[in-house]
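**Student:** need coordinates for the following:
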Amino acid sequence: MSENLYPHFCVLLVDDEPAWLRSLALTLERSAGITNILTCQDSREVATILGRNRVGLVLLDLTMPHISGEDLLAMIGEQHPETAVMVISGMNQLETAVRCMKLGAFDYFVKTVEEDRLVGGVLRAIRMLELQRENQEMSSRFLTGEVRHPEAFAGVVTADRAMQAIFTYIEAVALSPQPLLITGESGVGKELLARATHQLSGCQGPLVAVNVAGLDDTVFADTLFGHTRGAFTGAEQVRRGMIEEAANGTLFLDEIGDLSIASQVKLLRLLQEGEYFPLGSDRPKRLKARIIVATHQDLASKEADGRFRRDLYYRLRTHHVHVPPLRERKGDIPLLLEYFLVQVARKLEKRKPTPPKELAHLLATYDFPGNVRELKSMIYDAVSVHRDHILSMETFQRAIGRPDPSAPAIALEGNPFTCLDRLPTFPEATSLLVSEAMTRAHGNQTIAARLLGISQPALSKRLKLERDRD
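**Tutor:** Numbering: from 1, shown residues only. The predicted structure is shown next:
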């Protein structure tokens with residue numbers, strides 16, 4: 001399996017000194033994980049290289065034979081304006097630096113500058129180019145509203161517009177190396193979206209999923225970073241961490257909101273530095289995986305309460321999607337019902353049962369606190385005990401907890417009549433209740449009767465009285 005190159009565009013190093021080129025390339029790879037590097041010793045070849053390769057950033061020496069660095073800078077600005085240029089000169093001259101900046105240079109460094117400053121400048125330039133590309137991609141996707149790779153989202157059954165917008169956004173940021181934060185209630189399908197993002201990223205490595213809920217600081221560090229032999233009592237062999245297992249792929253950290261503050265510090269350092277230390281080792285390893293995190297918790301609230309680090313929160317939400325709960329997209333219930341009936345029947349080696357017409361209406365009256373996962377569990381339970389051709393609604397009614405006529409009424413939270421100046425009469429209140437129940441049940445008397453806690457014949461009689469009164 002070949003190694004993914006970073007960044008997605010080429011970084012071209014131009015200098016007539018081969019020793020300096022080798023040294024700079026090694027520094028960028030070792031200190032920043034930059035591997036998509038081209039080198040050029042002859043300034044006359046720069047135009048050809050730019051024409052044949054997707055070069056996003058050029059690191060350019062000024063003093064070279066044949067074509068000077070300033071001439072190359074002017075040529076790149078004219079013919080390849082999308083390419084950023086950083087000048088790295090042996091001369092520390094203010095006038096030269098100003099002239100280069102006027103010609104369009106992104107930055108100017110002297111070769112004797114500290115290594116960390118130079119590497120930091122290159123990473124800033126790469127990040128700027130990545131942001132430009134992401135903004136262009138998102139603008140294009142949002143203008144067209146088109147999902148270009150629906151196959152990546154095949155596991156997310158929906159026709160909801162908000163979900164389609166999420167798909168469009170994920171397509172736009174899938175190639176970004178920056179973290180992606182996926183929030184939403186339990187059971188909405190956050191891991192499915194993480195897998196879709198991984199598929200769209202083109203990463204050749206695997207997606208490695210880790211649920212970090214309940215992990216203390218030591219176990220979290222060992223799980224992610226691994227350990228060396230003898231790192232602690234019982235560490236008899238070297239253990240690769242999940243970060244290394246996900247090399248050139250995606251590391252998905254679920255339930256990130258449950259991390260302790262100590263573990264949050266370790267994750268922040270990993271994201272900031274791009275490197276980590278296995279337990280017991282003093283030699284750092286490079287982070288070579290895209291990080292996706294998910295949580296059902298409100299991280300903004302936790303951050304405001306001091307239970308989640310602010311710097312980590314803003315680092316994680318560079319890209320962010322919030323998945324709506326099923327109660328906000330009830331139009332998807334018929335689609336999900338059909339999808340899971342087929343899936344569950346196949347798994348249980350049964351013929352797919354036919355759902356009664358009123359089943360989707362019944363399910364639409366329920367808020368599904370467990371979201372899509374809860375719906376799937378209901379269908380699995382119903383198909384498991386299914387015997388006849390038509391799927392029984394009894395299992396769903398029991399799961400939803402709809403009252404039968406003999407059951408006591410569920411207490412309301414507060415008295416809905418307290419705010420009224422005039423109390424409705426019994427006939428008026430009854431008429432309003434029946435009307436609302438029929439609206440929520442989409443005209444289905446069986447469902448409306450269950451909402452009201454009465455029998456269907458009793459509701460039918462009440463409706464007849466209402467029609468006769470009109």
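**Student:** CA atoms for contacts and neighbours, from now on please.
**Tutor:** OK.
**Student:** following the helix or strand that Ala448 is a member of in sequence, what is the next regular element?
**Tutor:** In the assignment (DSSP states H and E), Ala448 maps to helix 445-452. Going down the chain from helix 445-452, the next helix or strand is helix 456-469, by DSSP H and E.
**Student:** same for that next one, what does it pack against?
**Tutor:** helix 426-440, helix 445-452 (3 or more CA pairs under 8 Å, 6 or more residues apart in numbering; DSSP states H and E).
**Student:** contacts only, for Ser392.
**Tutor:** Counting by CA atoms under 8 Å, 6 or more residues apart in numbering, Ser392 touches Pro355, Pro356, Ala382, His386.
**Student:** who's in contact with the second one?
**Tutor:** Yep, that's Pro356 we're talking about. Going by CA under 8 Å, 6+ apart, the list of residues near Pro356 reads Ile390, Leu391, Ser392, Met393.
**Student:** tell me the contacts of Val156?
**Tutor:** Gly189, Leu192, Leu193.
**Student:** re the thing from before, most tightly surrounded among the helices and strands packed on helix 456-469?
**Tutor:** helix 445-452 (a mean of 22; mean count of other CA atoms under 10 Å).
**Student:** tilt between it and helix 456-469?
**Tutor:** Relative orientation of helix 445-452 and helix 456-469, computed by axes from the mean of the first three to the mean of the last three CA atoms, to 10 degrees: 100 degrees.
**Student:** give the other helices and strands that helix 445-452 contacts.
**Tutor:** Applying 3+ CA pairs under 8 Å, 6+ apart, one finds that helix 445-452 contacts helix 426-440, helix 456-469.
**Student:** okay, angle between that helix and helix 426-440 too, please.
**Tutor:** 120 degrees.
**Student:** would you turn the helices and strands packed on helix 456-469 into a markdown table with distance to Phe109 and mean pLDDT?
**Tutor:** Below are these laid out as a markdown table (distance: least, CA to CA, whole Å; pLDDT from 0 to 100):
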| stretch | distance to Phe109 | mean pLDDT |
| --- | --- | --- |
| helix 426-440 | 68 | 82 |
| helix 445-452 | 72 | 79 |
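**Student:** make JSON lines from the ones you listed and add distance to Ile256 to it.
**Tutor:** Below are the helices and strands packed on helix 456-469 laid out as JSON lines (distance: least, CA to CA, whole Å):
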{"stretch": "helix 426-440", "distance to Ile256": "37"}
{"stretch": "helix 445-452", "distance to Ile256": "38"}
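**Student:** quick revisit: which ones among the contacts of Val156 lie within helices?
**Tutor:** Leu192, Leu193 (DSSP state H).
**Student:** compare the contacts of Val156 and tell me which is most surrounded.
**Tutor:** Per-residue neighbour counts (other CA atoms under 10 Å) across those peak at Leu193, which has 23 neighbours.
**Student:** what pLDDT does the model give that one?
**Tutor:** For Leu193, the pLDDT comes out at 97.
**Student:** my guess is it contacts Met163, does it?
**Tutor:** No: with contact defined as CA atoms under 8 Å, Leu193 does not count as touching Met163 (10.5 Å).
**Student:** list residues touching both of those two?
**Tutor:** By CA under 8 Å, 6+ apart, no residue touches both Leu193 and Met163.
**Student:** rewinding a little: buried subset of the contacts of Ser392?
**Tutor:** Among the contacts of Ser392, those classed as buried by neighbour count (16 or more other CA atoms under 10 Å) are Pro355, Ala382, His386.
**Student:** buried set for the helix or strand hosting the second one?
**Tutor:** Ala382 belongs to helix 371-384 when elements are defined using DSSP H and E. Taking 16+ other CA under 10 Å as the basis for neighbour counts, the residues of helix 371-384 that come out buried are Asn371, Val372, Glu374, Leu375, Lys376, Met378, Ile379, Tyr380, Ala382, Val383.
**Student:** what residues of the very next helix or strand once past it count as buried?
**Tutor:** Where DSSP H and E defines the elements, the next helix or strand beyond helix 371-384 is helix 394-400. Residues of helix 394-400 classed as buried under the neighbour-count rule (16+ other CA under 10 Å) are Thr395, Phe396, Gln397, Ile400.
**Student:** ok, now stretch 269-284?
**Tutor:** Leu270, Leu271, Gly274, Glu275, Tyr276, Phe277, Pro278, Leu279.
**Student:** try stretch 82-94
**Tutor:** For stretch 82-94, the neighbour count (16+ other CA under 10 Å) marks Thr83, Ala84, Val85, Met86, Val87, Ile88, Ser89 as buried.
**Student:** can you pull the pLDDT of Ala411?
**Tutor:** For Ala411, the predicted pLDDT is 46.
**Student:** that older thread, quickly name whichever of the buried residues of stretch 269-284 is closest to Pro324.
**Tutor:** Leu271 (27.6 Å; CA to CA).
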